[in-house]
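>>> the amino acid sequence is not available; the structure is as follows:
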C-alpha cells in the first residue's frame, strides 16, 4: 500500500500462480511490462492506484486470474488501461482509463468482465472492447473522445451494454456480425461517423 513502483524491467506489482493480494494507493509508472500484472489463478484487489506510462497495460489479468479494479487511474499505457484475457474474471468499477494507446478497458479470449461507472476517454482505439468469446456487462460507463469506438463488440462476444454514455468518438457503439451482446438504453450522441452501428442487422 502506498508504494512507488516505477522503472522496473517487468511489472510494477505482480501476482503469480495462486497468490492473493491487495494493491491500494500505489504509483505504478513507466515499467517495462504492466503497472499491475496478475496471472495463473491469482486473486487481486486493486484500488486507488495510478498506473501510467507502462510499456504494456496498466492493470492486467491473464489465465484464470480474478480481480477487482476500483477507482484506479490508468493512463497513457502502451496497450490498454485495464485488460483481461484467457479465462480471467474482472470487475472494473469507477476507474479512469484515458490516453492509452489501445483500449481503455479490453476483454479477450474467454474473459468475463463487468465494467460499471468507468470513465474511458481519449484512448487510441476504443473506450471499452470485447473480442473473442468474452462476456461483457457494461453499465453506467462514459466513453468519450476515443479514436475509434466508444464501445466495440466483435467475434463471439456476449453480454449486455446498457445505460452508458458514448459521445465524441468516431463511432458510439459498434457491434460486429458475430457478437451476441444485447445493446439498449444507452445515450449515444455526437459521434463522427455513426452513433450505433450494428452489423448483425
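Now that the structure is in, tell me what you want to look at. Since this is a predicted model, take the numbers as computed values, not measurements. Residues are numbered from 1 along each chain as shown.
>>> what about the chain, any weak spots by pLDDT?
Nowhere does the chain drop to pLDDT under 70.
>>> next, find the distance separating the residue nearest the centre of it from residue 200.
Closest to where the C-alpha atoms of the chain average out (CA atoms, centre = their mean) is residue 105, at 1.4 Å. Distance of residue 105 to residue 200, given as CB to CB, to the nearest Å: 22 Å. Backbone N, C-alpha and C define where each C-beta goes, glycine included.
>>> check which helices and strands the host helix or strand of residue 90 sits against.
Following DSSP states H and E, one finds residue 90 within strand 89-93. The contact analysis (3 or more CB pairs under 8 Å, 6 or more residues apart in numbering; DSSP states H and E) places strand 89-93 against strand 66-70, strand 82-84, strand 112-116.
>>> and after the last one, which helix or strand comes next?
Spelled out, it's strand 112-116. Counting by DSSP H and E, what follows strand 112-116 is strand 119-121.
>>> so which elements touch that next one?
strand 96-98, strand 142-144.
>>> name every strand pairing with the last one and say which way it goes.
Put plainly, it is strand 142-144. For strand 142-144, the pairing partners within the sheet under DSSP bridges are strand 119-121 (parallel), strand 165-167 (parallel).
>>> for the strand holding residue 90, give me every contacting residue.
For strand 89-93, contacts defined as CB atoms under 8 Å, 6 or more residues apart in numbering pick out 61, 65-71, 82, 84, 105, 107, 111-118.
>>> what's the answer for stretch 17-29, then?
Residues from elsewhere that reach stretch 17-29 (CB under 8 Å, 6+ apart): 1-7, 11-13, 15, 35-36, 39-54, 58.
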